[in-house]
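In: Have a look at this prediction, sequence included:
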Amino acid sequence: MHARIVTRSQLSIRCPAQSQYVAPVRHALAGFLQALDFERQPLEDITTAAGEALANIVEHAYARCRKTTERYLELTAKLDREGRLRVVVSDGGSFVERRKLPGRGFGLRIIRAIAARLTIDTSDGTRVRMIFDRGS
Amino acid sequence: MKKKEGIKIIRLGGELEIGRKDEIRDSLASSDDAAAVLLDLGEVTYADSIALTELLRFCADSARNQRPVALVIKTPQFARLVQYAGLATAFKIFGESSPALEYLTECTRES
């Protein structure tokens, strides 16, 4: 796992897209938010939303890719000038529009409930861009 | 058909997340012979939608088998996760074990 704090207000992590890496990445994000003095509830909510995006990569992103494809996940978090946190979770896989099944698909619903803004870019891999207000 | 007996208590703690999906599923599967199940999740420090999906599946299977299930959730993150997922009414949730056990005892007495 490759993690670095680029500046005091930016975190960047890249690691294999495997389930055992999701918790360490989430913990690193939590540590980053603690260093930025985020309060407990927004800290937990933001790491929850990021955790959902990360788990989604592990579960689905590379399901239809060739075995030779590098399977990675990436997380960047940055505090912007307005004090909002911008988190991008990305992969090099393929976005799969899944059938809505009962009892599935809570991840995006949870992210939407937490993030002030969510956009999903599937033009080259998948990029889940989330913006959080400091109090979210 | 074998008569189901007793309230089975299943305790799960720590982080219930994608890396523990199989463990969660196996733990829940160990309650087949119980008349009712108390899922004590009071020591859970974090949960994700993968864990929620496993819990939801278990509760749906239990409902089909007329086996009442109660969840004990104490962690604010977990409680909010259930709300964010829109599943507040999908589970019978308690903040402590005692009222959950009373509820299940009452359910098994009625059946």
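Out: Happy to help now that I have it. Residues are numbered from 1 along each chain as shown, chains lettered A, B, ... in the order given.
In: Mind listing the strands the longest strand belonging to chain B pairs with, and their directions?
Out: The residue-count maximum for a strand in chain B (DSSP state E) belongs to strand B:36-47. Applying DSSP bridges, strand B:36-47 is found paired with strand B:7-16 (parallel), strand B:69-72 (parallel).
In: Can you give the distance from whichever helix or strand comes after the first one to the centre of its chain?
Out: Later in the chain than strand B:7-16, the nearest helix or strand by DSSP states H and E is helix B:21-29. Distance of helix B:21-29 from the chain centroid (C-alpha atoms, centre = their mean, to the nearest Å) equals 12 Å.
In: just stretch B:96-111 next, same as before
Out: Centre-to-centre, stretch B:96-111 and its host chain are 13 Å apart (C-alpha atoms, centre = their mean).
In: as a whole number, average confidence for it?
Out: Regarding stretch B:96-111, the rounded mean pLDDT is 91.
In: what comes up buried for it?
Out: B:97, B:100-101, B:103-104, B:107-108 (16 or more other C-beta atoms under 10 Å in any protein chain shown). (Each C-beta comes from the backbone N, C-alpha and C, glycine too.)
In: what's the following helix or strand after the longest strand of chain B?
Out: Counting by DSSP H and E, what follows strand B:36-47 is helix B:49-64.
In: and that following helix, C-alpha only, in CSV?
Out: Provided in CSV are the C-alpha atoms of helix B:49-64 (Å, rounded to 0.1, in the frame of the first residue of the first chain):
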residue,chain,number,x,y,z
SER,B,49,-23.4,-2.1,3.7
ILE,B,50,-21.9,-5.5,3.1
ALA,B,51,-22.5,-6.4,6.7
LEU,B,52,-26.0,-4.8,6.5
THR,B,53,-26.8,-6.9,3.4
GLU,B,54,-25.8,-10.1,5.3
LEU,B,55,-27.9,-9.1,8.3
LEU,B,56,-30.9,-8.2,6.1
ARG,B,57,-30.6,-11.6,4.3
PHE,B,58,-30.5,-13.4,7.6
CYS,B,59,-33.5,-11.6,9.0
ALA,B,60,-35.5,-12.2,5.8
ASP,B,61,-34.6,-16.0,6.0
SER,B,62,-35.6,-16.0,9.6
ALA,B,63,-38.9,-14.3,8.9
ARG,B,64,-39.7,-16.9,6.3
